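**Q** Sequence plus predicted model, see below.
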Amino acid sequence: TAGRPIECMAMVARAPKMPLCLETVIVDPPRAGEVRVKVICNALCHTDVYTLDGLDPEGLFPSILGHEAGCIVESVGEGVTSVRPGDHVIPCYTPQCCKPSCVFCQSPKTNLCPEIRGTQGRGLMPDGTTRFKDKDGKPIYHFMGCSTMCEYSVIAEISCAKISKDLPLEKACLFGCGVTTGLGAVWNTCKVEPNSTVAVFGLGAVGLAVVQGAKMAGASRIIGVDINPDKFPPALALGATDTIDSSSLDVPVQSHIAGTMTQWGVDYTFDCTGNVHVMRASLECAHRGWGTSCIIGVAASGHEICTRPFQLVTGRTWKGTAFGGFKSRRDVPRLVQQCIDGTLPVDHFITHTFDGVGCTNDAIDALHGGSCLRAVVRY
Ligand code: NAD
Ligand code: AHE
Ligand code: ZN
């Protein structure tokens, strides 16, 4: 197939708030610096649903969503040297160009390589064109530089993390977004120290990865907050010491944590909901004098955060993270290796599996159902 267009099945997001459409699409061969991959499985992240719901200011239609996948390289474009056909790769929406001239890749302080961010946000490959078209020849947009709700996709070489073949792609795909993000928020963005106290708002896959990462970092108290008590058993199993159903409180959850459960708040807090009111609560229960609150959740278009500046004057820090601060091509292979070695179990995140790209709407229903962490669709 190398060098030729591939006809295959994809779930196309035709319009906001509409179910995905199972369609035959044409996937063009990779151009210079690009890689065409066979998608073996794709896990659904809340951000896919958020974009499909029309909440992403960068959302485009028609597009092929999906960004948490396990893939095998099918063919490579001119000049590609870091991967070859047959390699197992995780597409990463945060690329890593590694150029000496990239001040972001050269800095240990960030993972936010901007090399292809402009075209990625416009649903295009780095040369400004798309590799997907429908049966009528009409272009379909890319999404987050990944577009993995398709049997084949084309991604930039700098977005491809090459991983060991020893971890089944069904598990490895989790490192494409949510699990990596939650762990990295704790380890890289906040650098949670042993004996720290932590609160986690939203106990989906991202929040539970924060719980798992905090436990591994040696946190002494981990408070899990959700409005769905079904999320408490997995949180407790991963190391949460307390759980709060914030919908059943008669005081603001920040006063309950900083006031009732603790005197001054907790050392680190994480928003894993995308709700700006929760982000405020999360900041306001960070410890007076030194508490840090990290925003992980993605807020809907037009929503903004607010708090009294006094919250910052009195020593709290508000920060955020993308992909947990991990440098994708360097760090994803390391996380996969930790999983193979048994020091980073991830099986508990896979609560649902489906067979066939056409089942992606079932995965969306599962995520809406409330008991789902990650639904993995095997193609
Ligand atoms: P999810 O839908 O599986 O989990 C969200 C959880 O938040 C659910 O358990 C839900 O019950 C809970 N929740 C909702 N409203 C709440 C409230 N008011 N108070 C407390 N809990 C509440 O989603 P996910 O896949 O775990 O993703 C979580 C968030 O992180 C999403 O906003 C997603 O877009 C974002 N995200 C960001 C990054 C990043 O790099 N920054 C990466 C992955 C995901
Ligand atoms: N496109 C949106 C925001 C979406 C967003 O913030 N995405 C996160 C990743 S969510 C993964 O599930 C992110 O890392 N953003 C950094 C980036 O460069 O996209 C908007 O508001 O325009
Ligand atoms: Zn995601």
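**A** In hand now; what should we look at? Ligands and ions are numbered 1, 2, ... in the order given.
**Q** What distance do you get for the residue nearest to residue 91 when sequence neighbours are not counted to residue 296?
**A** Nearest non-adjacent residue to residue 91, counting by Cβ to Cβ, 6 or more residues apart in numbering: residue 146, 4.2 Å away. Every C-beta, even on glycine, is put in place using the N, C-alpha and C of the backbone. Plainly put, residue 146 is 19 Å away from residue 296 if you go by Cβ to Cβ, to the nearest Å.
**Q** ok so, going back, count of residues packed around the residue nearest to residue 91?
**A** Number of residues near residue 146 (other Cβ atoms under 10 Å) recorded here: 30.
**Q** Over to residue 276?
**A** If you count neighbours by other Cβ under 10 Å, residue 276 ends up with 17.
**Q** The protein: helices as residue ranges?
**A** For the chain, the helices defined by DSSP state H cover 46-52, 103-106, 117-121, 169-172, 178-184, 205-216, 232-238, 253-257, 276-284, 310-313, 328-341, 360-369.
**Q** Any part of the second one near ligand 2?
**A** Spelled out, that is helix 103-106. No - using Cβ under 6 Å from any ligand atom, helix 103-106 never reaches ligand 2; the gap is at least 11.0 Å.
**Q** For that helix, buried residues please.
**A** 104, 105 (16 or more other Cβ atoms under 10 Å).
**Q** again with the last one
**A** Within helix 360-369, the residues that qualify as buried by neighbour count (16+ other Cβ under 10 Å) are 360, 361, 363, 364, 366, 367.
**Q** and the closest residue to residue 72 other than its chain neighbours, bridged to which residues?
**A** Spatial nearest neighbour of residue 72, chain neighbours left out: residue 38 (4.9 Å); criterion: Cβ to Cβ, 6+ apart. Residues in a beta bridge with residue 38, per DSSP bridges, are residue 72, residue 152.
**Q** Could you dump the helices of the chain into JSON lines and include mean pLDDT?
**A** Below are the helices of the chain laid out as JSON lines (pLDDT from 0 to 100):
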{"stretch": "helix 46-52", "mean pLDDT": "97"}
{"stretch": "helix 103-106", "mean pLDDT": "98"}
{"stretch": "helix 117-121", "mean pLDDT": "98"}
{"stretch": "helix 169-172", "mean pLDDT": "98"}
{"stretch": "helix 178-184", "mean pLDDT": "98"}
{"stretch": "helix 205-216", "mean pLDDT": "98"}
{"stretch": "helix 232-238", "mean pLDDT": "98"}
{"stretch": "helix 253-257", "mean pLDDT": "98"}
{"stretch": "helix 276-284", "mean pLDDT": "98"}
{"stretch": "helix 310-313", "mean pLDDT": "98"}
{"stretch": "helix 328-341", "mean pLDDT": "98"}
{"stretch": "helix 360-369", "mean pLDDT": "95"}
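**Q** For residue 156, which of those is the nearest?
**A** With Cβ to Cβ as the measure, helix 117-121 is the member of the helices of the chain nearest residue 156 (8.3 Å).
**Q** Alpha carbons of the closest one, as PDB, please.
**A** Output in PDB follows, covering the C-alpha atoms of helix 117-121 (Å, rounded to 0.1, in the frame of the first residue of the first chain):
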ATOM      1  CA  ARG A 117       0.700  23.800  16.600                       C
ATOM      2  CA  GLY A 118      -0.600  26.400  14.100                       C
ATOM      3  CA  THR A 119      -1.700  23.900  11.400                       C
ATOM      4  CA  GLN A 120      -2.700  21.300  14.000                       C
ATOM      5  CA  GLY A 121      -5.200  23.700  15.500                       C
END
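**Q** Do any residues in that helix lie close to ligand 1?
**A** No - Helix 117-121 does not reach ligand 1 (Cβ under 6 Å from any ligand atom); its nearest approach is 13.7 Å.
**Q** Now do that helix: distance to the chain's middle.
**A** Distance, stretch centre to chain centre, for helix 117-121: 17 Å (Cα atoms, centre = their mean, to the nearest Å).
**Q** Looking at the stretch 1-150 of the chain, which residue is nearest ligand 2?
**A** In the stretch 1-150 of the chain, the residue that lies nearest ligand 2 is residue 47 (3.2 Å; Cβ to the nearest ligand atom).
**Q** To residue 83, which of the helices of the chain lies closest?
**A** Smallest distance to residue 83 across the helices of the chain (Cβ to Cβ): 9.8 Å, for helix 328-341.
**Q** Give me the contacts around the closest one.
**A** 82, 90, 92, 94-96, 98, 111, 158-164, 166-167, 171-172, 175-176, 180, 183-184, 326, 344-346 (Cβ atoms under 8 Å, 6 or more residues apart in numbering).
**Q** Equivalent analysis for stretch 215-223, please.
**A** Stretch 215-223 is contacted by residues 183, 186-187, 192-200, 211, 214, 238-244, 257, 261, 266, 268, 344 when judged by Cβ under 8 Å, 6+ apart.
**Q** if we can go back for a sec, where's the closest residue to the residue of the stretch 1-150 of the chain closest to ligand 2 other than its chain neighbours relative to ligand 3, distance?
**A** The shortest distance from residue 47 to any non-neighbouring residue, by Cβ to Cβ, 6+ apart, is to residue 298 (5.7 Å). When distance is defined by Cβ to the ion, to the nearest Å, residue 298 is 8 Å away from ligand 3.
**Q** Likewise for residue 145?
**A** Separation of residue 145 from ligand 3 (Cβ to the ion) stands at 12 Å.
**Q** mind listing what that residue touches?
**A** 67, 91, 92, 93, 95, 116, 120, 155, 156, 159.
**Q** out of those, what pair is the most spread apart?
**A** Farthest pair in the contacts of residue 145, by Cβ to Cβ: 67 and 116, 14.1 Å.
**Q** Between the two, point out the one with more neighbours.
**A** Neighbours around residue 67 and residue 116, counted as other Cβ under 10 Å, are more numerous at residue 67. The numbers are 25 against 20.
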